[in-house]
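**Q** just a sequence and a predicted model for now, questions to come.
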Amino acid sequence: MYTKATQYSRPSPCTNVPIHCSIFPEGLSGQPRTIWKYNALAHFSAEHVPMGSDELPDIPSHFIVETFITSMEERDMGISQQATQDYRGTFQIPGTDGIEEMKKRGRAESAVSTLSTQSPRKK
């Protein structure tokens, strides 16, 4: 039902759709744990930082690719390019070129652990 909503288009730039968290494959109901794409970094910060730690666990690269928001999408939703660059720099989120490289490698299962655990702020 969300196939069209996952694809950026200028008339409908928002790709915020429910996605499954690959670290919590099942919730209490036995169903996959579902989060909103735009809340992924906040979810990881709130739910996956071990007690007493300030470091995120390794994040699978396929999940980074799945939750990536393009600069065009943000621009068309009214978010300034500078805000996007600042946010990606603060949280060490790869830009479009980095995501495209991950896609070319077939969404390798290698993990990424360089994302900052600072609380995500609204753009």
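**A** Perfect, thanks for sending it.

**Q** part of a helix, is residue 10?
**A** No. Checked against DSSP: H, G, I helix; E, B strand; the rest coil, residue 10 lies outside a helix; its state is coil.

**Q** these two touch, right, it and residue 77?
**A** No. In this structure residue 10 lies outside contact range of residue 77 using CB atoms under 8 Å: 10.9 Å. To be clear about C-beta, it is placed using only N, CA and C from the backbone, and glycine gets the same treatment.

**Q** those two: which is more packed in?
**A** Comparing residue 10 with residue 77 by other CB atoms under 10 Å, the one with more neighbours is residue 77, at 13 against 8.

**Q** burial measure for the closest residue to that one other than its chain neighbours, as a count.
**A** Residue nearest to residue 77 in three dimensions, not counting chain neighbours: residue 13, with 5.3 Å by CB to CB, 6 or more residues apart in numbering. Using other CB under 10 Å, residue 13 has 16 other residues around it.

**Q** same question, the one 10 residues further on
**A** As a burial measure, the neighbour count of residue 23 was computed by other CB under 10 Å and equals 16.

**Q** what do you get for residue 15?
**A** By other CB under 10 Å, 20 other residues sit near residue 15.

**Q** same question for residue 1.
**A** Residues lying near residue 1 (other CB under 10 Å) number 6.

**Q** the one 3 residues further on too?
**A** Other residues near residue 4 number 10, with proximity taken as other CB under 10 Å.

**Q** who's in contact with it?
**A** Residues in contact with residue 4 (CB atoms under 8 Å, 6 or more residues apart in numbering) are residue 12.
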